[in-house]
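Trainee: kindly return the folded structure for what I paste below:
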Amino acid sequence: MHKALLSGCLLLLALGGCQGSSRPDPSLDARPDWINNPGDGVVGSAGTHADGRHAQEELAISRARTRLAARFGVSVENVLTMRERANNDSYTVTSDSRTRQVIKSNEVKAQVRAIWRDPYRDVIWAWVYPLE
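Mentor: Predicted coordinates for the structure are as follows:
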């Protein structure tokens, strides 16, 4: 009898654990519609950034602008070089960023329509729209 009771309890615990892992991600409910449906605009995103939230936001905007420029025939090459050095109690990160654009008689102007931060994944999304 005790073995059957113990087996039943273990089974309930196992099923309860499985149920918890199938919960939907709460960040998906709060996610703005423009992320999946940007209309004539484009969306860029960036995860956690070593230089903080401002750099993370700027990276998301830069990625969105790069996508928008590509749509209008502008080739954009972004190169980011990061060097990390750890020495006992100190840790240093340095970065060098270079951007090269090849424009085929097009000028692309854009505006940031919206920015949203997913607090569960620490991802920033930027919605960029072309200006006429």
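Trainee: okay, and the helix or strand of this structure with the least pLDDT?
Mentor: Taking mean pLDDT, DSSP states H and E as the measure, the chain has helix 2-21 as its least confident helix or strand, at a mean of 53.
Trainee: same question for stretch 61-77, mean pLDDT?
Mentor: Average pLDDT, stretch 61-77: 80.
Trainee: and for stretch 40-56?
Mentor: In the prediction, stretch 40-56 has an average pLDDT of 91.
Trainee: ok, stretch 85-102 next?
Mentor: 67.
Trainee: what's the answer for stretch 114-129, then?
Mentor: Computed over stretch 114-129, the average pLDDT equals 93.
Trainee: for it, buried residues please.
Mentor: 116, 118, 123-129 (16 or more other CB atoms under 10 Å). (Each C-beta comes from the backbone N, C-alpha and C, glycine too.)
Trainee: could the residues you listed go into TSV alongside secondary structure and distance to Tyr91?
Mentor: What follows is the buried residues of stretch 114-129, written out as TSV (DSSP: H, G, I helix; E, B strand; the rest coil; distance: CB to CB, whole Å):
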residue	secondary structure	distance to Tyr91
Trp116	strand	31
Asp118	strand	27
Val123	strand	24
Ile124	strand	24
Trp125	strand	29
Ala126	strand	29
Trp127	strand	34
Val128	strand	34
Tyr129	strand	39
